[in-house]
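model this:
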Amino acid sequence: MTPRQLGESGEFCWMDLKTHDPPGTAAFFSAVLGWDFAVDGNDWRKAVKVSAGGHRIGGVSDLTGPLYPAGLPAHIAFYLAVEDVDAATDRALEAGARLVLAPFDAGDQGRIATLIDPVGAVFSLWQTDESNRWSPAAGVPEDMILACTDPGQARDFYAAMLGTAPDRTRFVPAHGPEASAPRWELAIVADDLDVVAALALDHGREARGERDHDGRPSLRLSSPEGLTFHVRKG
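Sure, this is the predicted structure:
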């Protein structure tokens, strides 16, 4: 069976950069990763969308707006594509998840729920049209990584909720500070990691070198607010 790709049903399909400083976030990732930030003229909300290599890969939300409680830290919200968000939410709760936001209709964007998995990582379920998801052919978002104290428990949870564990995910052991705050992180690709590291340093951030599960060189890159990505050599 051909593995599913990011963006397909049962896989992560979208991200939302939730930031207190939208201009600063856009400036950092534009300079370091070459991403484009622009208002979507076809969206009645005039939402800012993020593109890489001509493909939409995410959106931006301003945490200083009235929709968000004061003091909410900057973070990245990641969405799993499902066919029935209510049924998936019920399965998640039966498998040990905690509910943050019950399923609700998000206008013409579909239906969404937000939960915390049994190891403590937040995620959202999204029942939406394929046009709102990552393109499986884009290749820019490569896979998702969850570092936690019990990778086996995490994998079993997502398999129980979705019927099978997502293909484009890796569950890895966490050590040190990462163990206390598990969160999903996206791995993306770049042609030249040295250039990415140098650009990050020019903008006041040091990208940490690491090795991927298959031995490929990679970087762990964080914005000034701590929005973090793994960057692998393409």
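
Pass me the low-pLDDT residue ranges in the chain, would you?
By pLDDT under 70, the low-scoring segments of the chain are 1, 41-45, 136-139, 177-179.

can you pull out the strands in it?
Shown for the chain, the strands assigned by DSSP state E span residues 12-19, 36-39, 48-52, 55-62, 75-81, 98-105, 111-116, 122-127, 141-148, 169-173, 184-190, 208-211, 217-222, 228-233.

CA atoms only for stretch 222-231 - export them in PDB, please.
What follows is stretch 222-231, C-alpha atoms only, in PDB (Å, rounded to 0.1, in the frame of the first residue of the first chain):
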ATOM      1  CA  SER A 222      12.900  28.600  16.300                       C
ATOM      2  CA  SER A 223      11.600  32.100  15.700                       C
ATOM      3  CA  PRO A 224      12.000  34.800  18.400                       C
ATOM      4  CA  GLU A 225       8.700  33.700  19.900                       C
ATOM      5  CA  GLY A 226       9.600  30.000  19.900                       C
ATOM      6  CA  LEU A 227       7.700  28.800  16.800                       C
ATOM      7  CA  THR A 228       9.800  25.800  16.000                       C
ATOM      8  CA  PHE A 229      10.500  23.700  12.900                       C
ATOM      9  CA  HIS A 230      12.900  20.900  11.900                       C
ATOM     10  CA  VAL A 231      14.700  21.800   8.700                       C
END
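
Could you shift the numbering so residue one becomes 6, and keep it that way?
Done: numbering now begins at 6, and the last item shifts to stretch 227-236.

Any buried residues in that stretch, and which?
Under the neighbour-count criterion of 16 or more other C-beta atoms under 10 Å, stretch 227-236 has Ser227, Ser228, Glu230, Leu232, Phe234, His235, Val236 buried. C-beta here means a position set from N, CA and C on the backbone, and glycine is covered the same way.

Which one of the strands of the chain lies nearest to Asp207?
The minimum distance between Asp207 and the strands of the chain falls on strand 222-227, with 12.9 Å, by C-beta to C-beta.

Parallel or antiparallel, which strands does that closest one pair with?
strand 213-216 (antiparallel), strand 233-238 (antiparallel) (DSSP bridges).

Was I right to think Leu232 contacts His25?
No. With contact defined as C-beta atoms under 8 Å, Leu232 does not count as touching His25 (10.9 Å).

Alright, that wraps it up for me.
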